[in-house]
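Colleague: Pasting a predicted model and its sequence here:
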Amino acid sequence: MKLDRIKEEITNIRRTQNFCVTGFIGSFSYFFINVEPDPNIRTVSSIVLAIFLFFGFFFIGVSMKEKLKELEKTGKDNE
């Protein structure tokens, strides 16, 4: 039962990561194509997005590693 719960949590983390990536790509592509901001605004917003995505993926990766370690530990306990 615990193994299934951990697998479900890992699936939820991956799903959240996919939703975030899709949302950011869609919103920023709309912003750059339809709004056509100044090049300075475009550069600054691209840098802010890159920083935000870096930290977002870093924290999602850390939580994913924790869940995978917990999954390995649970799998070894069942053997």
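Modeller: Yep, that arrived.

Colleague: hey, let's count contacts and neighbours off CA atoms from now on
Modeller: Fine.

Colleague: For Phe54, what is the enclosing helix or strand?
Modeller: helix 39-78 (DSSP states H and E).

Colleague: In that helix, which residues are buried?
Modeller: Residues of helix 39-78 classed as buried by neighbour count (16 or more other Cα atoms under 10 Å): 60, 64, 67-68, 70-71.

Colleague: I'd like the distance between the residue nearest to Glu70 when sequence neighbours are not counted and Glu72.
Modeller: Of all residues not flanking Glu70 in the chain, Ile6 sits nearest, at 7.5 Å (Cα to Cα, 6 or more residues apart in numbering). Distance from Ile6 to Glu72, counting by Cα to Cα, to the nearest Å: 10 Å.

Colleague: ditto for Gly26
Modeller: 36 Å.

Colleague: now Tyr30
Modeller: 41 Å.

Colleague: what do you get for Glu66?
Modeller: 10 Å.

Colleague: can you check Leu49 too?
Modeller: From Leu49 to Glu72 the distance is 34 Å (Cα to Cα).

Colleague: Check Glu8 too.
Modeller: Taking Cα to Cα, one finds Glu8 at 14 Å from Glu72.

Colleague: quick one: pLDDT of Ile25?
Modeller: pLDDT, Ile25: 80.

Colleague: any chance of the buried residues of helix 39-78 in CSV, plus distance to Arg42 and pLDDT?
Modeller: Output for those, formatted as CSV (distance: Cα to Cα, whole Å; pLDDT from 0 to 100):
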residue, distance to Arg42, pLDDT
Ile60, 26, 80
Met64, 32, 78
Lys67, 37, 78
Leu68, 38, 78
Glu70, 42, 79
Leu71, 42, 75
